[in-house]
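1. Quick check, what structure comes out for this input:
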Amino acid sequence: MIREIEIALLPIQLSDSEAYIGAINQKLNLFKGTEYTYEIISRSIDARGKQAVYRLKINVYIGENIPEKLVYQSISLINKNSETVHIIGAGPAGYFAALKAIELGLRPILFEQGKMVKDRRRDLAKLNKEGIINPKSNYCHGEGGAGTYSDGKLYTRSNKKEVVNDILNRLVFFGANEDILINARPHIGTNKLPGIIEKIRNFILENGGEIHFNSELTDLIIHNQLIEKIVINGNEELAVKNLILSTGHSSHGIYHLLNNKKIEIFAKPFALGVRVEHPQELINEAQYKSSAKNPELPPAYYSLVEQIDGRGVFSFCMCPGGIIAPCSTNDNEIVVNGWSPSKRNNPFANSGIVVEVNESDYDPEQKKDPLAALLFQSQVEKRAFEFGGGKMVAPAQRLIDFANNKLSDHLSKTSYIPGVKSVQLENILPSQIYSRLQKAFPIFGKKLKGFYTEQAMVIGVESRTSSPIRIPRSNLTLQHSQIKNLFPCGEGAGYAGGIVSAAIDGIRCSEAVFSLSSNK
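-> Sure, this is the predicted structure:
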C-alpha cells in the first residue's frame, strides 16, 4: 500500500531519521513495528508561525519497498547519415535543444557568439574590477547563457510537473545535487553551474554534435520563405535545413538583424525597475521571526507583489545571501542583476523590484516600430550610465530617500563590486516607473517587516527581466510565422523566463524540427 502524506519537522530534525519515523507513525496511526519504507517527494519551509518548520510531502510504502527510480540516461542516435539542425546560442534553450536533437537522431551544429564558460570568468573579473566590458562575453553572453553566472535558479511557475522533473533529472545526470528534485525552490548556485555546463558541452561533442564559440550569426540568406544559408562572423556561409534561434533576452543584434531582413518581430510587455539590497540578517528576522538565528535554516527569501495605479509592481529574481552584478552588454549602459553562490552565504540579500512596462510607455513616434520596447529599455540603461560614475559605477539611493525623492547624503556598504554613486533615480527612471516604486516600497514594508528601512539600498537599473521582443511562431509547429525553417526559441524569442522554462522550450523546438523532418 502507498500513502502520500505531509509531515512537519523542526529544522534541527531534518537529518534525524527517528524524527521522520515518529512523524510518519503519528500521521498514519501505525502500530510500532509496522514495516514500511518512505521517500521524500518535496520539501519547503513554512515560516508563518512563531517557529519555522520544514513541510515535507512523503510517499510511504507500507509492506513494500520503494520502487526503483527511473534515472535519466541520455542516449545518442546520431550516425553518419543523420540530418543536421543548426542552433544559435549556447544557453539552456540551445544546449537542451542540442541534447534532445541527439536523442532524436539529429546532429546539432551550434554557434555561440561568446566564449566557453571558464573563459568568461576573465571577462567578468575585468568587468567587476576595472569596469571593462566585452560585448560578446559578459554576464549575459557566452556559454551557458545569462543564468550561468547569474545564480542558477531553477524555480519555475510551469504546472507541467513531469516536464519540469525531466529537466531537473537531466541536470542531476550532469552533476547537479539531487536536492533540486525535492526542494520547493531549487537552486544550483553560480559557483557550481559552470561545471554542469561543461559536462553538457562534452556530452554533445562526444556524441557527434558540433559547438563553435566566438561565432556570431551576422546574416541570413533567405529564398522563398526559407533560410538557405547563415553567415557567421560576417564571412562564413553555411547551408542550413532548419535553424533553432535561441539567443537569450540580451542579444539585441539578433533583433536588429531580423528587423533589417523584414522578418516579423514585435514588441512585447516586460518589466523594469531597480535592485534593492538589504542585510541578509534583516530578511531572516522578518521571515523567520524567533527562528532567525537558527543555523539549520537557509538564508531567507521573499516574494512581494502589489497593484499600484493599475500595474503590477513585484519582486524579481530574489537572491538570498547574494551579490549584485553589472550585467551590461555595452560600454554606454548600466544594467544590474543579482546572483547567489550555492551556500547563499554572503551578508546581503538583493532582489529586483520592477514595474510592468507596456505599449503606452513608448514614444508615440516609435510605437509602430517593432523595436519600440527595445529602444525604451535602451534609453533607460543609457541614462543610468550618464548619471553613474563611469567604469560601471551604478547610480544608487537609500530606499527611504528614494521614496521621499531625496538625494542620499551617504550610501550603505554594498555587494556591488564596481561601486555606487549617490544619484536621484528620478532622473533616470521614467516617471510612471519611479512613482509606482515610490508608492510600493512603504506598502512592501507593511507586508515584510524591515523591508522599508534606512539600511536598504536601491541600485539602478534592473531592466533585463525578460525579452522586450517576441519572435512570432505557430503554437502547433513552433515554426516562425513567415520563415518556415526558423524555430524561435527560449527567452530571446519571448517564450520562456528562466533556466527551466528555456530548457523545456529548447526540447520542444528540437521535437518540432524532428517532426517536420519525419513528415517530409
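2. Relative to Cys327, how far out is Thr148?
-> Plainly put, Thr148 is 12 Å away from Cys327 if you go by C-beta to C-beta, to the nearest Å. Every C-beta, even on glycine, is put in place using the N, C-alpha and C of the backbone.
3. If you could redo that for His187, that was the one I meant.
-> With C-beta to C-beta as the criterion, His187 and Cys327 are 19 Å apart.
4. again with Leu258
-> Separation of Leu258 from Cys327 (C-beta to C-beta): 23 Å.
5. same thing with Lys118?
-> For Lys118, the distance to Cys327 - C-beta to C-beta - is 19 Å.
6. So for these two, which sits in the more crowded spot?
-> Cys327 (24 against 12; other C-beta atoms under 10 Å).
7. Please name the residues that touch the more buried one.
-> By C-beta atoms under 8 Å, 6 or more residues apart in numbering, the residues touching Cys327 are 138-140, 146, 150, 250, 335-337, 464.
8. so what pLDDT did it get?
-> Note for Cys327: predicted pLDDT of 96.
9. which among the contacts of Cys327 gets closest to Phe376?
-> Set against Phe376, the nearest of these by C-beta to C-beta is Arg464 (13.1 Å).
10. Surely Met318 is in contact with Ile353?
-> No: with contact defined as C-beta atoms under 8 Å, Met318 and Ile353 do not form a contacting pair (9.6 Å).
11. if we can go back for a sec, in strands, which of the contacts of Cys327 fall?
-> Mapping the contacts of Cys327 onto strands (DSSP state E) picks out 336-337.
12. Lowest-confidence member of the contacts of Cys327, which is it?
-> Lowest confidence among the contacts of Cys327: Ser150, with 73.
13. Now that one: closest residue in space, sequence neighbours ignored.
-> Trp339 (4.8 Å; C-beta to C-beta, 6 or more residues apart in numbering).
14. Next, the contact list for the one you found, please.
-> Trp339 makes contacts with 149-152, 190, 319, 322-323, 325, as judged by C-beta under 8 Å, 6+ apart.
15. Next: Gln51.
-> 10, 290-291.
16. now with 7 Å?
-> Neighbour list for Gln51: 290-291 [criterion: C-beta atoms under 7 Å, 6 or more residues apart in numbering].
17. Can we start the residue count at 34 from this point?
-> In the new numbering, first residue 34, that becomes Gln84.
18. Just the pLDDT for it.
-> 91.
19. I'd like to know how far it sits from Lys102.
-> Gln84 is 33 Å from Lys102, by C-beta to C-beta.
20. circling back: would you mind naming the residues that bridge with the residue nearest to Ser183?
-> The partner list for Trp372 in beta bridges (DSSP bridges) reads Ile356.
21. pLDDT at it, what is it?
-> 93.
22. same thing with Lys376?
-> Looking at Lys376, its pLDDT reads 89.
23. wait, is it part of a helix?
-> No: using DSSP: H, G, I helix; E, B strand; the rest coil, the secondary structure at Lys376 is coil, not a helix.
24. From Asn210, how far out is it?
-> Distance from Lys376 to Asn210, by C-beta to C-beta: 12 Å.
25. quick one: which of those two has more around it?
-> Shown here are Lys376 and Asn210; by other C-beta under 10 Å, Asn210 has more neighbours (15 against 12).
26. now the strands: where do they sit in the stretch 334-483 of the chain?
-> 338-341, 344-352, 356-359, 369-372, 381-390, 427-431, 453-455 (DSSP state E, counting those that start in this stretch).
27. Just list what the longest one packs against, helices and strands only.
-> Yep, that's strand 381-390 we're talking about. strand 303-312, helix 313-321, strand 344-352, helix 464-480 (3 or more C-beta pairs under 7 Å, 6 or more residues apart in numbering; DSSP states H and E).
28. low-confidence ranges in the stretch 34-183 of the chain?
-> Counting by pLDDT under 70, the stretch 34-183 of the chain contains low-confidence ranges at 103-104, 107.
29. What ranges does it have for its strands?
-> Counting by DSSP E, counting those that start in this stretch, the strands of the stretch 34-183 of the chain are 35-42, 69-79, 86-95, 117-121, 140-144.
30. Including mean neighbour count, could these go into JSON lines?
-> As requested, the strands of the stretch 34-183 of the chain are exported to JSON lines (neighbours: other C-beta atoms under 10 Å):
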{"stretch": "strand 35-42", "mean neighbour count": "15"}
{"stretch": "strand 69-79", "mean neighbour count": "15"}
{"stretch": "strand 86-95", "mean neighbour count": "17"}
{"stretch": "strand 117-121", "mean neighbour count": "25"}
{"stretch": "strand 140-144", "mean neighbour count": "24"}
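31. Which stretch among those approaches Ile255 most closely?
-> Evaluated with C-beta to C-beta, the strands of the stretch 34-183 of the chain place strand 117-121 nearest to Ile255, the distance being 14.2 Å.
32. Give me the residues contacting that closest one.
-> With C-beta under 7 Å, 6+ apart as the contact definition, strand 117-121 has outside contacts at 127, 130-131, 134, 139-144, 250, 263, 273-280, 543, 546.
33. Could you do stretch 513-523 as well?
-> 124, 126, 130, 255, 258-260, 274-279, 296-297, 504-507, 511-512, 528-529, 535, 538-539, 542, 545-546.
34. can you tell me how far the nearest residue to Leu187 once chain neighbours are set aside sits from Gly354?
-> For Leu187, ignoring the flanking residues on the chain, the nearest one in space by C-beta to C-beta, 6+ apart is Pro219 at 4.0 Å. Plainly put, Pro219 is 16 Å away from Gly354 if you go by C-beta to C-beta.
35. do Val118 as well
-> 40 Å.
36. same deal with Ser336?
-> 16 Å.
37. ranges for the helices of the stretch 384-533 of the chain?
-> 405-420, 432-436, 464-480, 532-551 (DSSP state H, counting those that start in this stretch).
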